[in-house]
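# Need a 3D model of the following:
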Amino acid sequence: MKTFLQIFTWWNGSTWGTRFFTWRKGTRVGEDEFGNIYYTGDGGKRWVQYADYAEASSIPPGWHGWMHHRTDVSPADETYEPREWELSHKPNMTGSAGAYLPKGSQSNPESRPQVTGDYDAWTP
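Next comes the predicted model:
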């Protein structure tokens with residue numbers, strides 16, 4: 001089923017063209033905790049093959065910096081220890097059941113908290 005989806009969709013993993021290009025020109029640099037695999041090629045080009053759904057927010061911060069040429073050292077080549085106050089990376093959950101819905105939004109039945117200070121919401 002996965003092969004069928006990858007033939008006819010571009011958002012499930014990588015396309016056949018990307019796979020062929022990666023096979024010919026890519027050098028594997030590393031893999032993140034989500035299973036995404038990162039490559040580099042001629043002229044400093046960098047790209048990722050997503051493990052599942054092609055969603056850019058599934059790239060962790062360290063790899064994001066490497067992908068955008070903010071650093072030349074990939075997270076696979078350095079030993080980074082996160083601090084105790086750092087949270088683990090979570091992909092963007094917009095449009096899913098795990099999306100953040102603040103109080104008072106149309107999708108959250110809870111009412112918005114009463115405002116304080118010199119601002120009062122306009123009521124027609």
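# all helices for the protein, in order.
Here the chain has its helices, by DSSP state H, at 2-8, 16-25, 61-67.
# deepest of those helices, which one?
For the helices of the chain, the largest average neighbour count (mean count of other CB atoms under 10 Å) is found in helix 61-67, namely a mean of 18. Just so you know, the C-beta spots here come from the backbone N, C-alpha and C atoms, and that holds for glycine as well.
# Okay, buried residues for stretch 88-99 please.
By neighbour count with 16 or more other CB atoms under 10 Å, stretch 88-99 contains the buried residues residue 89.
# Work out the gap between that stretch and the centre of the chain.
10 Å (CA atoms, centre = their mean, to the nearest Å).
# Could you tell me the end-to-end distance of that stretch?
Using CA to CA, to the nearest Å, the end-to-end distance of stretch 88-99 comes out at 17 Å.
# and it, average pLDDT?
The predicted model assigns stretch 88-99 a mean pLDDT of 82.
# Specify the stretch among the helices of the chain that is closest to residue 104.
The closest of the helices of the chain to residue 104 is helix 61-67. By CB to CB, the value is 30.5 Å.
# Run through who's touching the closest one.
29-30, 32, 36, 38, 46-48, 59, 71-75, 80, 89 (CB atoms under 8 Å, 6 or more residues apart in numbering).
# Provide a list of residues in contact with residue 36.
Residue 36 neighbours (CB under 8 Å, 6+ apart): 48, 49, 50, 51, 58, 59, 63.
# Kindly supply the PyMOL command isolating those of those residues that are buried.
In PyMOL, this line selects whichever of the contacts of residue 36 come out buried by 16+ other CB under 10 Å:
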select buried, resi 48+49+50+58+59+63
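# For the helices of the chain, give me a markdown table that also has distance to residue 95.
Formatted as a markdown table, these follow (distance: least, CB to CB, whole Å):
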| stretch | distance to residue 95 |
| --- | --- |
| helix 2-8 | 19 |
| helix 16-25 | 24 |
| helix 61-67 | 21 |
